[in-house]
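need coordinates for the following:
(2 chains)
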Amino acid sequence: MAAKTLTVDGRQISAENHTTILQAATDAGIKIPTLCHLDGVYDVGACRLCLVEVKGTTKLLSACTTRVYEGMEVTTNSERLQKYRRMTLELLFAERNHTCAVCVANGHCELQALACELGMDHVRYDYCSPKWGVDATHPFLGMDHNRCILCTRCVRTCWHIEGAGTKNVAGRGTKSYIINDLNEPWGESETCTSCAKCVLSCPTGALFHKGATVGEMERDRSKLAFIVNAREKKQWVV
Amino acid sequence: MGRLKLATVWFGGCAGCHMSFLDLDEFLIEVAGQIDLVYSPIVDCKEYPEGVDVALLEGAICNEDNLELLHKIRARTKVLVSFGDCAVTGNVPAIRNQLGPDNTTNVLQCAYIDNAQENRRLPTHDGIVPALLARVVPVHEVVPVEHYLPGCPPPADRIKAVLTQILAGKPPHLEGAQLKFG
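Numbers count the residues shown, from 1 in each chain, chains lettered A, B, ... in the order given. The predicted structure is shown next:
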């Protein structure tokens, strides 16, 4: 397989052809923040936190959906990028109701952890405080739209790991939200297999096991990568 | 410099941040030697004084009393610290904002009429019971704030880190896990 040589933050690294910047950087031990990437499912560039600078273009490109090329020069952590990442993160917090103190995922949340990592000590934008409900119709799973960041990990997991195609996105812009089937209550979905892989994929407290209370919603996301690896490469690596 | 004039204030919050403040244990004795606690829920002082150096503000801004006091505090204080998640984000008190522009009527109706066992009436008394604001807001949406101390409540060691830096005359800086909300 052809390898490409590129520079990331001044470091020369090599990556296989068709690799994304995010994958190449991760393999080389360079961390780029992301909330929508999930090992095992394809990338869509939804969260915009992995934006990087690539020499030759003034646009910021999402590292998870941009493929490497020979001689590419990537910057992952300039002052400009830090500024935009912080802004994006604050907008995510302002858009829905992320009340960490009473969230099932408190202490196990990728959004919360990233806020710590990027030094977000407050949100400069006015909170939208929208009214979203909780779908608690499923016998043992729940969906809280208040905590959703629309990363669509659950949708991709549902369609491409489980193959059920229950989860979808409805609406436009800030009114977008995750639905089951053709916007039916989750408990009435005929396609949902109740596998709970969507819950495993969720970076926040938006998808949870019923009965989990504040801070109890822990998950082992590596199980998803394990399934995909087993299926595609026939490797049962625990 | 003389002793630092410190104030701690309790707006719309559960007092958990102040409980955490008391959880500083023996550090409080150390601090007591370096500050004058000029205003606080644990100090018998009715009027917020002039010339305060640092104020720790717990709670979100929920009613007209909070709003009025906050403006007074800003005018009389050099450094404001948003103390805890309610002050920094609105947190739990701000959940009523989700009920829309009529939320003040809705929450009072729910608490004092619909779910009341007896004496079903709204608490109203001009000049005594402050009216709720249409929207609960974090402190920095009303006045400029110098520093933020998140956490629900902020653990004692996080409060200690901030106070130690302030007492050393440095702008407090928190990072990583010390910035965790919730």
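
A:A105 contacts A:T204, correct?
Yes: A:A105 is within contact range of A:T204, at 5.6 Å (criterion: Cβ atoms under 8 Å). Glycine gets a C-beta too; all of them are placed from N, C-alpha and C.

which residues are common contacts for the two?
Common neighbours of A:A105 and A:T204, counting by Cβ atoms under 8 Å, 6 or more residues apart in numbering or on different chains, are A:Q112, A:R147.

which residues does residue 121 contact?
Chain wasn't specified; assuming chain A. For A:D121, the contact set (Cβ under 8 Å, 6+ apart) comprises B:V88, B:Y148, B:P150, B:L174, B:L179.

oops, wrong one, chain B.
Taking Cβ under 8 Å, 6+ apart, we find B:R121 in contact with B:Y112, B:I113.

show me what residue of chain A gets nearest to chain B.
A:C100 (2.9 Å; Cβ to the nearest Cβ).

so does the helix or strand of chain B with the lowest mean pLDDT get close to chain A?
Using mean pLDDT, DSSP states H and E, helix B:103-108 stands out as the lowest-scoring helix or strand of chain B, at a mean of 91. No: under the criterion of Cβ under 8 Å from any Cβ of the partner chain, chain A is not reached by helix B:103-108; the shortest gap measures 9.2 Å.

show me what that helix is packed against.
Secondary-structure packing of helix B:103-108 (3 or more Cβ pairs under 8 Å, 6 or more residues apart in numbering or on different chains; DSSP states H and E): strand B:132-137.

remind me, longest helix of chain A?
helix A:79-95 (DSSP state H).

pLDDT (mean, whole number) over the helix or strand following that helix?
Beyond helix A:79-95 in the direction of the C-terminus, DSSP states H and E gives the next helix or strand as helix A:110-117. Mean per-residue pLDDT for helix A:110-117: 97.

and for stretch A:35-44?
Mean predicted confidence for stretch A:35-44 is 95.

for it, buried residues please.
A:L35, A:C36, A:H37, A:L38, A:G40, A:V41, A:D43, A:V44 (16 or more other Cβ atoms under 10 Å in any protein chain shown).

please apply the same query to stretch B:28-45.
B:V31, B:I35, B:D36, B:L37, B:V38, B:Y39, B:S40.

show me what contacts the last one?
Contact criterion Cβ under 8 Å, 6+ apart gives B:A7, B:T8, B:V9 as the residues in contact with B:S40.

pick the one among those closest to chain A.
Nearest to chain A among the contacts of B:S40 is B:V9, at 17.4 Å by Cβ to the nearest Cβ.

check what pLDDT the closest one gets.
Confidence at B:V9, expressed as pLDDT, is 98.

same check, this time on A:I30
Listed pLDDT for A:I30 reads 97.

secondary structure class for it?
Of the three states, A:I30 takes coil under DSSP: H, G, I helix; E, B strand; the rest coil.

same question, A:V155
Applying three-state DSSP: A:V155 is helix.

and A:I178, that one's in a strand?
Yes: counting by three-state DSSP, A:I178 is found in a strand.

related to what we said a few turns ago, name the residues that touch the least confident helix or strand of chain B?
With Cβ under 8 Å, 6+ apart, helix B:103-108 has contacts from B:R96, B:N97, B:L99, B:L122, B:P123, B:A131, B:L132, B:L133, B:A134.

repeat the analysis, applying 6 Å as the threshold.
B:R96, B:L99, B:L122, B:L132 (Cβ atoms under 6 Å, 6 or more residues apart in numbering or on different chains).

distance of the third one relative to B:E64?
Remark: distance between B:L122 and B:E64 (Cβ to Cβ, to the nearest Å) = 16 Å.

also the first one?
Taking Cβ to Cβ as the measure, B:R96 and B:E64 are separated by 16 Å.

one more: the second one?
As defined by Cβ to Cβ, B:L99 lies at a distance of 19 Å from B:E64.

just the last one next, same as before
Plainly put, B:L132 is 8 Å away from B:E64 if you go by Cβ to Cβ.

same question for A:G119.
Counting by Cβ to Cβ, the gap from A:G119 to B:E64 is 34 Å.

A:C148 now?
The gap separating A:C148 from B:E64 is 34 Å, by Cβ to Cβ.

show me which of the two is the more surrounded one.
A:C148 (24 against 13; other Cβ atoms under 10 Å in any protein chain shown).

contacting residues for the more buried one?
Counting by Cβ under 6 Å, 6+ apart, A:C148 touches A:A206.

distance of it from B:L57?
31 Å.

please, which helix or strand holds B:Y48?
Applying DSSP H and E, one finds B:Y48 in no helix or strand.

find the residue at the geometric middle of chain B.
Using Cα atoms, centre = their mean, the residue of chain B that lies closest to the mean C-alpha position is B:E58, 1.7 Å off.

how about the contacts made by that residue?
B:W10, B:G13, B:C17, B:F83, B:G84, B:A87.

tell me what it is bridged to.
Note on B:E58: beta-bridge partners by DSSP bridges are B:W10, B:F83.

quick check: the gap between it and B:T77.
Relative to B:T77, and taking Cβ to Cβ, B:E58 is found at 14 Å.

and the residue positioned nearest the centre of chain A, how far is that from A:V54?
By Cα atoms, centre = their mean, chain A has its centre lying nearest to A:C36, at 1.9 Å. For A:C36, the distance to A:V54 (Cβ to Cβ) stands at 19 Å.

by mean pLDDT, point me to the weakest helix or strand of chain A.
Lowest mean among helices/strands of chain A [mean pLDDT, DSSP H and E]: helix A:222-233, a mean of 88.

buried residues in that helix?
Residues A:L224, A:F226, A:I227, A:V228, A:N229 are the ones in helix A:222-233 that count as buried (16+ other Cβ under 10 Å).

nearest to B:Q117, of the residues you listed?
Distances from B:Q117 to the buried residues of helix A:222-233, taken as Cβ to Cβ, are shortest for A:L224 (49.5 Å).

now do the SS call for B:V54.
Quick answer, by three-state DSSP: B:V54 is strand.

I should have written B:V38 there, sorry.
strand.

quick check, it in contact with B:P49.
Yes: in this structure, B:V38 is within contact of B:P49 by Cβ atoms under 6 Å, at 5.1 Å.

thinking again about what came up before, mean confidence score for the longest helix of chain A?
For helix A:79-95, the per-residue pLDDT averages 97.
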